[in-house]
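[1] Provided below for reference: sequence and predicted model.
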Amino acid sequence: MSYEVYMMKTASNQERDLSEIESVEPMPCWRELKMMLRCRFPDLISGYAQLDDGMDFPVLSSPDYALEFNLAVDSEDEPLTGIMFGRPGSGDRWAYPLKFLCRLLDARIVDCGGGEFWDWDNLPDWIAEGL
């Protein structure tokens with residue numbers, strides 16, 4: 001398992017592996033998702049980080065974790081079809097907001113290192129300890 005994960009939603013969310021996915025379902029746009037996050041984590045949208053090529057992406061952070069959101073959309077009003085998350089190395093509770101978002105959006109997490117779906121009941125200790 002890696003520190004980069006991808007959140008997606010499918011019609012059934014029952015696929016056992018990525019090869020079974022035929023299409024993804026849209027999720028709320030970033031503007032709506034930001035409001036949902038602020039209701040649960042009011043002080044945590046901490047700004048934007050910038051890549052070398054000038055691309056900005058939001059960062060959700062606290063003393064316990066930091067998550068970088070790579071949204072892959074051109075506008076805050078464009079529905080999201082997936083979100084890439086990177087953990088830049090801060091804190092241990094980084095899986096907690098991911099679990100919150102999965103429940104809120106009826107979505108799933110795919111580990112970018114191995115391509116497996118996360119099973120929230122059977123995560124490795126280094127992830128589960130932060131829930």
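    Yes, it's here.

[2] where does the protein dip in pLDDT?
    Residues of the chain meeting the criterion pLDDT under 70: 1-2, 43-57, 88-91.

[3] where do the strands sit along it?
    Along the chain, the stretches classed as strands by DSSP state E are 4-8, 27-29, 45-50, 56-61, 66-70, 79-80, 83-86, 108-111.

[4] Of all the ones you listed, which one comes closest to Arg93?
    Nearest to Arg93 among those is strand 66-70; the distance by Cβ to Cβ comes to 10.2 Å. Backbone N, C-alpha and C define where each C-beta goes, glycine included.

[5] Output the contacting helices and strands for that closest one.
    Other helices and strands packing on strand 66-70, by 3 or more Cβ pairs under 8 Å, 6 or more residues apart in numbering; DSSP states H and E, are strand 56-61, strand 83-86.

[6] okay if I get the strands of the chain as a markdown table plus mean neighbour count and distance to Ile21?
    Shown next, in a markdown table, are those (neighbours: other Cβ atoms under 10 Å; distance: least, Cβ to Cβ, whole Å):
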| stretch | mean neighbour count | distance to Ile21 |
| --- | --- | --- |
| strand 4-8 | 19 | 8 |
| strand 27-29 | 17 | 15 |
| strand 45-50 | 12 | 29 |
| strand 56-61 | 18 | 24 |
| strand 66-70 | 20 | 19 |
| strand 79-80 | 18 | 16 |
| strand 83-86 | 20 | 16 |
| strand 108-111 | 20 | 9 |
